[in-house]
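next one to model:
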Amino acid sequence: QVRLQESGPSLVKPSQTLSLICTVSGGSITTNLYAWTWIRQPPGKGLEWMGAITYSGSTDYNPSLKSRTTISRDTSKNQFTLQLTSVTPEDTAVYYCARDVAAWGSYTYDYWGQGTQVTVSS
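Next up is the predicted model:
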């Protein structure tokens, strides 16, 4: 059973960098064919795909967030991370990590973290 768990601060000040970690257990992030994804849901809105890192370390980002987003990984810890710079209150959301069933980006997810609320406020 693959499990994903998000961790990081719940409150970030405007203009700062939001950093989250997704720790994966029960499976390796270097296993062939999968992509490891960050998705968020602002209050009252739908899910927004932010970006992903594949099993080989390639990354892809939502064009609307690309200039502020970095996804990286630590294979020794079986973790992947999200950094979102220059945050504003509009970045307030529940942030999820998930596994995409295809490295090329099928937008079909078989495992999700429970989500973590991040609020951007001074």
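
all helices for the chain, in order.
Counting by DSSP state H, the chain yields no residue ranges for helices.

list the contacts of Tyr111.
Contact analysis of Tyr111 by CB atoms under 8 Å, 6 or more residues apart in numbering lists 2-4, 98-99. C-beta here means a position set from N, CA and C on the backbone, and glycine is covered the same way.

between these, which is closest to Ser56?
Distances from Ser56 to the contacts of Tyr111, taken as CB to CB, are shortest for Arg99 (14.8 Å).

how far away is the residue nearest to Thr54 when sequence neighbours are not counted from Gln16?
Spatial nearest neighbour of Thr54, chain neighbours left out: Ala103 (4.3 Å); criterion: CB to CB, 6 or more residues apart in numbering. Distance from Ala103 to Gln16, counting by CB to CB, to the nearest Å: 32 Å.

got it, and Ser28?
Separation of Ser28 from Gln16 (CB to CB) stands at 32 Å.

ok, the residue nearest to the spatial centre of the chain to Thr88 distance?
Most central in the chain under CA atoms, centre = their mean is Trp38, positioned 2.4 Å from the mean C-alpha point. As judged by CB to CB, Trp38 and Thr88 stand 18 Å apart.

next: Asn78.
Distance, Asn78 to Thr88, using CB to CB: 32 Å.

likewise for Thr23?
Thr23 is 27 Å from Thr88, by CB to CB.

and if you look at Thr108?
Counting by CB to CB, the gap from Thr108 to Thr88 is 30 Å.

what's the answer for Arg99, then?
29 Å.

tell me which of these two has more neighbours.
Neighbour count, other CB atoms under 10 Å: between Arg99 and Thr88, Arg99 has more, with 22 against 10.

skipping adjacent residues, who's closest to that one in space?
Excluding its sequence neighbours, the residue lying closest to Arg99 (CB to CB, 6+ apart) is Tyr111, at 4.5 Å.

residues contacting the nearest residue to Arg3 once chain neighbours are set aside?
Among residues not flanking Arg3 along the chain, Ser25 sits closest, at 4.8 Å (CB to CB, 6+ apart). Shown in contact with Ser25 (CB under 8 Å, 6+ apart): 2-3, 5, 78.
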